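**Student:** Turn this into a structure:
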Amino acid sequence: MRTPSTALAAAFAAALVAAGAPASALADNSVVLFPSLGRPTLVTVRGQALKTSPENHQRSGLEKNVRRLASVTWGGAAIEVGFQGQARQVVSDKDGLFEASFPASQASPFPLGASTAKATAGTAAGEGQVQIVADEAPFLVVSDFDDTVAVTNVQNKGEMLKTALLGDESSTPPVEGMAAFYACLAQAAPAPGFAFVSGSPVEFGPRLQGFLTKHAFPFAALHLRVLGPKTMSGYKEPHLRALLSRFPQRFVLVGDSGEADPEVYATILKEFPGRVAAVYIHDVGRSTDASRFKGMVLFKTGADAARAAVAAGLAPRECVEKAFPSGK
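**Tutor:** Numbers count the residues shown, from 1 in each chain. Just a heads-up that it's a prediction; the model follows:
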C-alpha cells in the first residue's frame, strides 16, 4: 500500500490546486535523503523518492503539512546515491524508500564528523548530512520525538491532530530542558551520535529537522514511520534492532509514558542484555503503574533527566550545573 494512498494523495493535491496552490509544485519529482549516522568503516544512508516537491511554494502551516502528507511516492525510481567518492545504483520500493551502503577501506576509514551524501533520480536531486561516529564513543542516544522533546499532545487526539495539521517547526513548543539535556550528553568523548525513532510520518522529516535546528538540539539521524494501517504499532522495534546491530556502542534510550515507549524499551532491554546504558521516560501521564518503568528513570523535566544522567556517569556535572542552576 502506498504511503499515503494514491487516492488520498490525489484528493489532497486537488484540494491544494483548488485553493490556489500552483500545480507545478505538486508535479515535480524530488529526492529526499534522511539525516544519518555512520561508522568509520560503514555508512548506510536512506531516503525517499517522490513524484511531488512538497517543500516548494509553502504558505501556511496547514498548506505545508497537507502538501507533505499528500506527497505521491515514486516507486521503482532508479536512483544514484553518492558518498565520499563512491556511488551506488538503487531502486526505490513501493513507498519510494531506498537505502545504500558504503564500506570504507581499512586503509582509509571515513573521517569522523559531518559529511554529505547525495542522490539523483533523473532531474531530481537531493542531499543529506551524515555524522560519522567513532566506534569508541561511549554511547548512542536514541530518542522518541512526540511528547519526548516536542509538545504534541499525542494522548489528546483532537489536540494532536490540531498540532499535526496546523502546527509547524516554528510553532511547536519544545519539552522543557530537553535540548540542554541532550547538549550535555553530547559532551561525552568521543562525541556520541543521536537518532530519533518516531511515529511521525516520513513526510514530516523536514519539519522535524527544522524543529531540532530551531531549538539547538544536536544533529540527529531520523528514522520515521511509513504511514499505513499496518504500521500503527510495532514500527519502532525494527529500527532499534537495526541500530543496535549496526553500531557497537551502548545505547541511551529516551521516550515518554504517554504511549508504548516503556514497553518497547523493556523489550529491547531483554533482547539486548548489557547494550542499554540507561532508559529515560518523560512523565506525561499513564505513570501510576510503576511496573511499566522497571529499570528506567521517570522524569518530569529535562533538568531531572540531566541530573540523573550525571549520577549515571553519562553527562558531565559542569555542563548540567551550568544548564540547570540549582533549583531550576
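**Student:** show me the contacts for Met178.
**Tutor:** Contact analysis of Met178 by CB atoms under 8 Å, 6 or more residues apart in numbering lists Thr148, Val149, Phe217, His282, Gly302, Ala305. Yep, even glycine has a C-beta here, placed from its N, CA and C like the rest.
**Student:** Quick check, the last one in contact with Tyr280.
**Tutor:** Yes: at 4.8 Å, Ala305 and Tyr280 qualify as touching, with contact defined as CB atoms under 8 Å.
**Student:** now the contacts of Met178 in JSON lines, with secondary structure and neighbour count?
**Tutor:** Formatted as JSON lines, the contacts of Met178 follow (DSSP: H, G, I helix; E, B strand; the rest coil; neighbours: other CB atoms under 10 Å):
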{"residue": "Thr148", "secondary structure": "coil", "neighbour count": "24"}
{"residue": "Val149", "secondary structure": "coil", "neighbour count": "29"}
{"residue": "Phe217", "secondary structure": "coil", "neighbour count": "24"}
{"residue": "His282", "secondary structure": "strand", "neighbour count": "27"}
{"residue": "Gly302", "secondary structure": "helix", "neighbour count": "26"}
{"residue": "Ala305", "secondary structure": "helix", "neighbour count": "27"}
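**Student:** quick one, what contacts Pro174?
**Tutor:** Each residue near Pro174 by CB under 8 Å, 6+ apart is listed here: Val149, Ala150, Val151, Phe211, His215.
**Student:** how does it look with 7 Å?
**Tutor:** Contacts for Pro174 (CB atoms under 7 Å, 6 or more residues apart in numbering) come out as Val149, Ala150, His215.
**Student:** repeat for Leu314
**Tutor:** Phe139, Leu185, Val252, Ala277, Ala278.
**Student:** Under the pLDDT cut-off, which ranges of this protein? List them.
**Tutor:** The chain contains residues with pLDDT under 70 at 1-27, 56-60, 154-157, 159-160, 162, 164-166, 228-232, 327-328.
**Student:** Show me where it has its strands.
**Tutor:** In the chain, the strands defined using DSSP state E lie at 30-33, 36-38, 42-50, 78-83, 86-91, 97-103, 113-121, 124-132, 139-143, 193-201, 221-225, 250-256, 276-282, 297-299.
**Student:** Can you give me every residue that contacts the nearest residue to Leu112 once chain neighbours are set aside?
**Tutor:** Spatially, and ignoring its direct neighbours in sequence, Leu112 is nearest to Ile132 (5.1 Å; CB to CB, 6 or more residues apart in numbering). Listed by CB under 7 Å, 6+ apart, the contact set of Ile132 reads Gly38, Arg39, Pro40, Phe110, Pro111, Leu112, Gly113, Ser115.
**Student:** nearest to Val202, of the residues you listed?
**Tutor:** Gly38 (19.6 Å; CB to CB).
**Student:** Please look at the closest one and Gln129 and confirm they touch.
**Tutor:** No: contact criterion CB atoms under 7 Å: Gly38 and Gln129 do not qualify, at 10.5 Å.
**Student:** next one: stretch 304-317 to chain centre, how far?
**Tutor:** Taking CA atoms, centre = their mean, to the nearest Å, one finds the center of stretch 304-317 at 23 Å from the center of the full chain.
**Student:** Name the residues of it that are buried.
**Tutor:** Asp304, Ala305, Ala306, Arg307, Ala308, Ala309, Val310, Leu314, Ala315, Pro316 (16 or more other CB atoms under 10 Å).
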